[in-house]
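Asker: Structure, please.
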Amino acid sequence: MLLMLCVCFVVIFSILCYAWSFWGVTVFNFLFCGGGLWGLFGVVDVVSIFVWLMLGFCFYYVLNYTHHYFGHSICGFDLNKIIVIFVGVMASLVVTGDFLTTLVFWEYLGVVSYFLILFYLSYLSLRSSVVTLVSSRFGDVCLFLLIGLYFWGGASEFILCALFFFIVITKSASFPFISWLLEAMRAPTPVSSLVHSSTLVAAGVWFMMRYDLLLYTNNGAFIFYLCLLTTIFITGVCCFFFLDLKKIVALSTCNNIAWCVFYVLYGDLILALFQLVSHGVSKCLLFMMVGDVMSGSGGSQASNCVYSSLLYGRWGLFGLYSIILGLSGVPFIGVFFTKHMLLSGFSSFINCLFFVVVLFCVFLSYFYSFRLCSILVNVKISLSSGVYFLCGGGAMVYLWLITNYFTGGTLDENFIGFYWVTTLLILFQIVAFVCFSYYLYNSVILTWWSSSLFGSDNLVEYAFELFCNITVILSGFYYRWDKEVITLLGSGTYYPLTLLYKNLISLLFISSIVLLLVICILY
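Answerer: Numbers count the residues shown, from 1 in each chain. Model prediction:
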């Protein structure tokens, strides 16, 4: 009953908002530096409504799943308090219509996510929260520079596009900023089901939809396409070799979010919205179901040390299969229609090499999805005993998977060359599944590279090592060298001589400061 009330509320609220969805509401003016006025805008449009809809469904499920996950202990109530703040900041972020307000709410979003990941208060949680915070701060710095250049003017188009590029790939966890999304897996599973579905990674897609600077320029489009396809390829290949179930699901998040950004860059906002909302709700439910599988196996995340989902019964297994295959895009459920529309639009594309790469990346998602399904039902490598710990999505899973079947009928599709494209897709799927997957599993080089996300984890380790070295160097400046010198000079001497040395060092220090002040005044 409560679920139906929430659904009715969201639907009615969306209908009311849609009546004025294209209005931009000015909230207030802010006195900025230089005496200029910076207008802060709150915008409610189709993008905001779709993101609110996705956020509302995920928020409702996560609130209930938190108590189920912690066994109705006090930890669940404490975590829900932070989740409510997190969702409130995210809901406020999606209605911002200017760079300055977006930066403010993005800072709040990063701070709250830091405490969500730090919930377990362990060393690994602290390290993961710091990596996530620093990685997201890189995009915030680029947004801060973009605000300055936008206000003062005079910046070249290339610099603006470069800053916009780094903001989007950082917030959407694209290559080489994939590691922070996997580090965020140290948080509790309810946090992962919210962060990896409809909040942090979705904020990057929302930013590109709201401030679509690259759609009005040709600078950097090829680099953006290359980065997105590289992300899709890396996440698809790494899913073949990872044994951690939560990391496999997180990599599929990077894969699907990269497709959302790809759709926006391609110029189809509706496809991107369908992909974003379908992936957000489905991934939230998938994290909860996979989390129950791991909880029923004593908390094990290793794919070869979990209680097989086949032993849970057909209902839970069918729910897992429906969500996983729906996220990969099997016919007539999930994101199938968005990928089908994309490929039909690319059927008359001039660059054949680019079309083949896109085609390969599409079917790479099928391969890791089939592997994840086989892992969850493989009885031979699973635990022989477990606990029935299930919080299924219920009818919402199946209702949401067929939503795109009805919404896809409202889109215009290009049927030019449809039959040969369909034949090519089927042949490519069979050949790639038989040949490519066999050689991929036997490749030592790909196995070694996939363990570090093709160098993304190495960048994090190098940055952490550089930070430690800089900390060691800077620690020398905090040391009381004057006290050490006085101690060395005064050892074995009389007290008046020690006092003289102390006065001389103090006089030398004061003289140095005065000299620096004089130089600064003169020059």
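
Asker: and the lengthiest helix in the chain, what other elements does it pack with?
Answerer: Determined from DSSP state H, the single longest helix within the chain is helix 123-152. Helix 123-152 sits against helix 99-117, helix 157-171, helix 179-183, helix 456-475, with contacts defined as 3 or more CB pairs under 8 Å, 6 or more residues apart in numbering; DSSP states H and E. (Glycine included, C-beta is placed from N, CA and C.)

Asker: which parts of that helix are buried?
Answerer: Going by neighbour count (16 or more other CB atoms under 10 Å), the buried part of helix 123-152 is 125, 127-133, 135-136, 138-140, 142-147, 150.

Asker: now do stretch 352-361
Answerer: Result for stretch 352-361 [16+ other CB under 10 Å]: buried residues 355, 357-361.

Asker: so which of the helices and strands packed on helix 123-152 comes closest to N255?
Answerer: Ranking the helices and strands packed on helix 123-152 by proximity to N255 (CB to CB) places helix 179-183 first, at 11.0 Å.

Asker: That closest one packs against which elements?
Answerer: With 3+ CB pairs under 8 Å, 6+ apart as the test, helix 179-183 has helix 123-152, helix 245-266, helix 456-475 packed against it.

Asker: Lowest average pLDDT across those?
Answerer: Least confident of the helices and strands packed on helix 179-183, judged by mean pLDDT, is helix 456-475 with a mean of 65.

Asker: what about V293, neighbour count?
Answerer: Neighbourhood size, V293 [other CB atoms under 10 Å]: 23.

Asker: That one touches L372, doesn't it?
Answerer: No: using CB atoms under 8 Å, V293 and L372 do not qualify as a contacting pair, with a distance of 11.3 Å.

Asker: that older thread, compare the helices and strands packed on helix 123-152 and report which one is nearest to L243.
Answerer: helix 179-183 (13.3 Å).

Asker: So which elements touch the helix or strand just after that closest one?
Answerer: Per DSSP states H and E, the first helix or strand lying C-terminal to helix 179-183 is helix 189-198. Packing partners of helix 189-198 (3+ CB pairs under 8 Å, 6+ apart): helix 46-69, helix 74-93, helix 99-117, helix 245-266, helix 269-295.

Asker: let's see it at 7 Å
Answerer: Here helix 189-198 touches helix 46-69, helix 245-266, helix 269-295, going by 3 or more CB pairs under 7 Å, 6 or more residues apart in numbering; DSSP states H and E.

Asker: domains for this protein, by residue range?
Answerer: 1-219, 451-478, 480-522 (automatic domain parsing).

Asker: how many other residues sit next to C260?
Answerer: When neighbours are counted by other CB under 10 Å, C260 registers 30.

Asker: rewinding a little: now the helices and strands packed on helix 189-198 in JSON lines, please, with extra columns for distance to I513.
Answerer: Formatted as JSON lines, the helices and strands packed on helix 189-198 follow (distance: least, CB to CB, whole Å):
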{"stretch": "helix 46-69", "distance to I513": "55"}
{"stretch": "helix 245-266", "distance to I513": "52"}
{"stretch": "helix 269-295", "distance to I513": "57"}
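
Asker: can you tell me which of the ones you listed comes nearest to I223?
Answerer: Judging those by CB to CB, what sits closest to I223 is helix 245-266, at 10.9 Å.

Asker: okay but L325 is in contact with S369, surely?
Answerer: Yes: contact criterion CB atoms under 7 Å: L325 and S369 qualify, at 6.1 Å.

Asker: who's more crowded, the two?
Answerer: For L325 versus S369, the count of surrounding residues by other CB under 10 Å is larger for S369: 24 against 20.

Asker: Excluding chain neighbours, what is closest to that one?
Answerer: Distances taken as CB to CB, 6 or more residues apart in numbering place S328 nearest to S369, at 3.6 Å, with adjacent residues excluded.

Asker: got the contact list for that neighbour?
Answerer: Neighbouring residues of S328 by CB atoms under 7 Å, 6 or more residues apart in numbering: 365-366, 369.

Asker: Got the phi and psi for it?
Answerer: Per-residue torsions, S328: phi -80, psi -30 (degrees, to the nearest 10).

Asker: For it, give its distance to P188.
Answerer: The spacing between S328 and P188, counted by CB to CB, to the nearest Å, is 26 Å.

Asker: Output the helices and strands packed on helix 179-183 in CSV, with distance to T101 appended to each entry.
Answerer: Formatted as CSV, these follow (distance: least, CB to CB, whole Å):
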stretch, distance to T101
helix 123-152, 10
helix 245-266, 21
helix 456-475, 30
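
Asker: so which of the ones you listed gets nearest F50?
Answerer: Distance to F50, taken as CB to CB, is lowest for helix 245-266 among the helices and strands packed on helix 179-183, at 11.6 Å.

Asker: Which one, of the helices and strands packed on helix 123-152, ends up nearest to G88?
Answerer: G88 lies closest to helix 99-117 among these, at 9.1 Å (CB to CB).

Asker: how many other residues sit next to the nearest residue to H279 once chain neighbours are set aside?
Answerer: Of all residues not flanking H279 in the chain, N256 sits nearest, at 4.4 Å (CB to CB, 6+ apart). Neighbour count for N256, taken as other CB under 10 Å: 27.
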